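> coords please:
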Amino acid sequence: MKKIIIKSTLIVILLSFVGFHNTMNAQSIAASGYRSVFLCSTGTVKAVGSNAYGQLGAGVTTNQTTAVDVLGVSGITQVSGMGFHTIFLKNDGTVWVTGNNSYGQLGDGTNVHKNIPVQIPVLSGIIAIAGGGYHSLFLKNDGTVWAAGYNISGQLGDGTTVSKNTPVQVVGLSGITAIAAGFYHSLFLKNDGTVWTAGGNYSGALGDGTVVSKSTPVQVLGLTGIIGIAGAMSTLFS
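The predicted structure follows:
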C-alpha cells in the first residue's frame, strides 16, 4: 500500500482586532504552532499555549493556559512565527526573537533556544518580519531581504543550502515591499507587482512551473499586479 504522510497545515494569521479584552486591548493577533500571541495597544505582547522551547517569551518553558506577558519587549509593532519560534518587530526597526533555535532561526549567532526575547544585533531598519517553520525573514527599509535559520531546501534564498545562525542577504532581490514564509519556502513581493519565491518546491509551491527546489529566488509565472502574499505549511504525499 502506498504510504501517505500528511503534515498539518500551520497558517500564520495577522489581523486588526481592536478591543479584544478590556485589560488586554489587543490590536493584532497571531496564531501558530499551538500558541497564540496578542499585540497590545501599549506595544507590549501577551502569549498563551505551547511553550516547550520558550516560544512564548515568558522566561519559562512550560505550557501556559492563560495569557502571560512576553518579557523585556516594548514598542512592538509586528509579531510573527509559524513553527516553534516567535519574532517581534520594534518601532525602532530592531528585531527581537524567542523560542526554538536549533537551526539558528533566531539569528542571534547561536543555536541555543531562548525563553526570553533577545535582539538580533546585526539588524536595523527592518520594516517587516516573517517566520517560517524553522527560518526567519526580515525586510529592510531599503527593499532588501535578509534571512536566517534552516536552509536545507534553499528557503533562505542566499544561493546555498547551508543553514545560517546570523542573517544573510537574499540574493538578486531589490524593491521588495512584502515578505511571507511557508514552512520550507519563502515568498517576496516586488514593487512592480511580481512575486518571487525560494526554497522547497514540493507540489509546485514556488509557482515557477517546476517541482525543483530553488536556493535563489525565481519569479512566479503568470502573476502581475499582486498586492499581497501568504505562505503556509506544505502537505506532502509519498
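> which residues of the protein score low on pLDDT?
1-33, 233-238 (pLDDT under 70).
> repeat that with 50
Applying pLDDT under 50 to the chain flags residues 1-24, 235-238.
> so who does Thr169 touch?
Careful, residue 169 is Gln and not Thr. Applying Cβ atoms under 8 Å, 6 or more residues apart in numbering to Gln169 gives the contacts 144-147, 158. C-beta coordinates here come from the backbone N, C-alpha and C atoms, glycine included.
> next one: it relative to Thr210, how far apart?
Applying Cβ to Cβ, to the nearest Å, the value for Gln169 to Thr210 is 24 Å.
> before we move on, what about Thr61?
41 Å.
> and if you look at Gly104?
The gap separating Gly104 from Thr210 is 28 Å, by Cβ to Cβ.
> who has more neighbours out of these two?
Each of Gly104 and Thr210 has its neighbours counted (other Cβ atoms under 10 Å); Gly104 has more, 23 against 12.
> ok, for the most centrally placed residue in the chain, nearest residue in space, not its chain neighbours?
For the chain, the residue nearest the mean C-alpha position is Gly131 (0.9 Å; Cα atoms, centre = their mean). Excluding the flanking residues, the one nearest Gly131 by Cβ to Cβ, 6 or more residues apart in numbering is Gly81, at 4.0 Å.
> with Leu189 instead?
Leu189 sits nearest to Ala178 (Cβ to Cβ, 6+ apart), 4.0 Å away.
> same thing with Gly207?
Nearest residue to Gly207 in three dimensions, chain neighbours excluded: Val220, at 3.8 Å (Cβ to Cβ, 6+ apart).
> the one you found and Ala205: what is the separation?
Distance from Val220 to Ala205, by Cβ to Cβ: 10 Å.
> need the overlap of contacts for these two.
Residues touching both Val220 and Ala205 (Cβ under 8 Å, 6+ apart): Thr197.
> pull the number of nearby residues for Gly200.
By other Cβ under 10 Å, 24 other residues sit near Gly200.
> got the contact list for it?
When contacts are counted by Cβ under 8 Å, 6+ apart, Gly200 touches 153-155, 182-185, 213, 234.
> same check on Thr216?
With contact set as Cβ under 8 Å, 6+ apart, Thr216 has these partners: 154, 157-159, 171-172, 198.
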